[in-house]
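J.: Generate coordinates for the sequence data below:
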Amino acid sequence: MPESLLTPIGLFGGIFDPVHHGHLRLAEEARETLGLSKVRWLPAGLPTHREKPRAASQHRLAMLARALAGNATFELDDALAADEMPAYTIDALAHVRRNEKNGQPLVWLMGADAFAHFHTWRRWQEIAEQCHIAVLTRPREGNGWEKRWPEILRRFVLERQANHREALTEEAGGRIIFVSMPALDISSSDIRARLSAGASVRYLLPESVSEYIACHNLYTSAHHSQSPEF
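T.: The predicted structure is shown next:
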């Protein structure tokens, strides 16, 4: 297969504190809808746009490993997961590029809420050259949510938007595509709050993750975080 027609690889960054069925279903939907060969999960050690994770990196990695087991199209990459390592997307991309073929299309998966602030990310325009960006939208965004973007972001989208997934195979990066996702409104912050209150989290996350949390007594004393997550 020519390099220009390599099957895209999805990249899914986040703190996953903890990983839940919402994360897993979004990654699976994105893989299928965009025709990705696989989705590589890149947990962040020390996030730069939100509070420090409640669970240490070793626990979040262990929970992810359990959640991803059994899906051959999901990969876990812990290169940027150290607790004290600032997690910048541009650094994650550089790491991935060093280990992939020249011309390999990469697709960074992000939620609409995160994309609204994309222009504030470190070296954001360089990020958009190094990979494609798939903005995963959900019904809760409503109509006209893009009108809330600053002008610089609207121009950015107009210049780069792709209307079909085949465009992602033509270049290694540089395009933006919007993908409608199913309504599965689960958040890590809500799960942490439930665990702190002693409430059930059954059916919100994989049983193997729930068992790990109980075994290591995670989140039981954490207060309820109001930070939005995708």
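J.: Just checking: what are the partner strands of the helix-or-strand element of the chain with minimal mean pLDDT?
T.: Ranked by mean pLDDT, DSSP states H and E, the helix or strand of the chain with the weakest confidence is strand 46-47, at a mean of 74. Partners of strand 46-47 in the sheet, by DSSP bridges, are strand 86-87 (parallel).
J.: which strands and helices sit next to the helix or strand Val39 falls within?
T.: Assigned by DSSP states H and E, Val39 belongs to strand 38-43. Applying 3 or more C-beta pairs under 8 Å, 6 or more residues apart in numbering; DSSP states H and E, one finds that strand 38-43 contacts strand 9-14, helix 21-34, helix 57-68, strand 74-76, helix 89-98. Yep, even glycine has a C-beta here, placed from its N, CA and C like the rest.
J.: sorry, back to before: distance from the chain centre to the least confident helix or strand of the chain, please.
T.: Put simply, strand 46-47 sits 14 Å off its chain's centre (C-alpha atoms, centre = their mean, to the nearest Å).
J.: What of stretch 35-51?
T.: Centre to centre, stretch against its chain (C-alpha atoms, centre = their mean), the figure for stretch 35-51 is 5 Å.
J.: And for stretch 113-131?
T.: 13 Å.
J.: Repeat that for stretch 23-42.
T.: With C-alpha atoms, centre = their mean, you get 9 Å for stretch 23-42.
J.: Would you mind putting the CA coordinates of that stretch into CSV?
T.: What follows is stretch 23-42 as a C-alpha-only set of coordinates in CSV (Å, rounded to 0.1, in the frame of the first residue of the first chain):
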residue,chain,number,x,y,z
HIS,A,23,-14.4,6.5,26.8
LEU,A,24,-14.4,3.0,25.5
ARG,A,25,-17.6,3.4,23.4
LEU,A,26,-16.3,6.8,21.9
ALA,A,27,-13.0,5.2,20.9
GLU,A,28,-14.8,2.3,19.3
GLU,A,29,-17.3,4.5,17.4
ALA,A,30,-14.5,6.7,16.2
ARG,A,31,-12.4,3.7,15.0
GLU,A,32,-15.3,2.3,13.0
THR,A,33,-16.7,5.6,11.7
LEU,A,34,-13.3,7.0,10.6
GLY,A,35,-11.9,3.6,9.3
LEU,A,36,-9.0,3.7,11.8
SER,A,37,-6.7,0.6,11.9
LYS,A,38,-6.4,1.0,15.7
VAL,A,39,-6.8,3.5,18.5
ARG,A,40,-3.7,4.2,20.6
TRP,A,41,-4.5,5.4,24.1
LEU,A,42,-2.1,8.0,25.5
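J.: now it: mean pLDDT?
T.: For stretch 23-42, mean pLDDT rounds to 96.
J.: buried set for it?
T.: Neighbour counts over stretch 23-42 (16 or more other C-beta atoms under 10 Å) mark 23-24, 26-27, 29-31, 34, 36, 38-42 as buried.
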